[in-house]
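*Asks:* turn this into a structure:
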Amino acid sequence: MTQEKYVLFIVLAFVAEIIGTVSGFGSSILFVPVASLFFDLKTVLGITAVFHVFSNLSKIALFRNGIDKNITLKLGIPAVVAVSLGAWMTTWLETSLLEVAMNVILIGLSVFLWINFNKTIKQSDRNLVLGGTLSGLLAGLVGTGGAIRGITLSAFQLPKYLFIATSAMIDLGVDSSRAAIYLWNGYFQKEHLYLLPFLIGISIAGSYVGKRMLHYTSEKLFRYIVLGVVVVSALYQMIRFLLKN
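*Replies:* Numbering: from 1, shown residues only. Reported below is the predicted structural model:
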């Protein structure tokens, strides 16, 4: 990767972290399509998982006003089990199939969230388990499940800081689990170790800036922005994939 592309990747990752913090969905919904412009899909999965471990730790530290333990356990345990299954499935599924699935799922999630922006699901343990399972499976397979988790958590109308901290705690378990599987299978190579200091710095700085912006900026506007960017990125990736094949 050239120096110019490297700088562009760092800048876009920083923007993804800020918007992911403000939107409450986490940065993966934007970071995955951004990273896929620079790396192959399995490397993207590895980098995303490692990056998000630091990102979640940063959010937990910054939004330490409390975590809903009941929701964390009921949504988080199924998510960890499902993400482990999804991450394992990537070791034998074809990369091309995963690449198509990633873009289709990102577009589908974005359109669904856009249409149903102000709607919430029913508050129930069943939906917590189902939401955790679906978000974990998607995170393991295509690198992003934060939108499903966000939909599920939104039903419980948590204060925004509690929402972000609870989501980050769940995501920490999810990302740690899949990172272990991805690293074991070589998705994050030694040649990418140079990214670690920058990813750690981005996770801290991006989360901090996002927290500051929450005081002054409409969350609704930023959610529309991030969903629009995801749709455009995913469509670009899909077109590029079709032209390549």
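*Asks:* CA atoms for contacts and neighbours, from now on please.
*Replies:* Fine.
*Asks:* tell me the mean pLDDT over the helix or strand containing residue 42?
*Replies:* Assessed by DSSP states H and E, residue 42 sits inside helix 41-62. Per-residue pLDDT over helix 41-62 has a mean of 91.
*Asks:* kindly report the same for stretch 132-139.
*Replies:* Rounded mean pLDDT across stretch 132-139 is 91.
*Asks:* now do the spatially most central residue of the chain, the pLDDT please.
*Replies:* Here the mean C-alpha position of the chain is nearest to the C-alpha of residue 28 (C-alpha atoms, centre = their mean), at a distance of 2.4 Å. Model confidence at residue 28, given as pLDDT, is 81.
*Asks:* contact partners for it?
*Replies:* With contact set as C-alpha atoms under 8 Å, 6 or more residues apart in numbering, residue 28 has these partners: 16, 20, 48, 52, 143-146.
*Asks:* kindly report the same for residue 87.
*Replies:* If you count contacts by C-alpha under 8 Å, 6+ apart, then residue 87 has 137, 139-141, 178, 181-182 around it.
*Asks:* so which strand or helix has it?
*Replies:* Residue 87 belongs to helix 69-89 when assigned by DSSP H and E.
*Asks:* do residue 171 as well
*Replies:* Counting by DSSP H and E, residue 171 is found in helix 160-184.
*Asks:* now the angle from the worst-scoring helix or strand of the chain on mean pLDDT to helix 160-184?
*Replies:* Lowest by mean pLDDT, DSSP states H and E among the helices and strands of the chain is helix 219-244, with a mean of 73. Angle of helix 219-244 versus helix 160-184, following axes from the mean of the first three to the mean of the last three C-alpha atoms, to 10 degrees, is 20 degrees.
*Asks:* what's the host helix or strand of residue 136 packed up against?
*Replies:* Using DSSP H and E, residue 136 falls within helix 125-142. For helix 125-142, the packing partners by 3 or more C-alpha pairs under 8 Å, 6 or more residues apart in numbering; DSSP states H and E come out as helix 69-89, helix 95-115, helix 146-154, helix 160-184.
*Asks:* cheers, nothing more for now.
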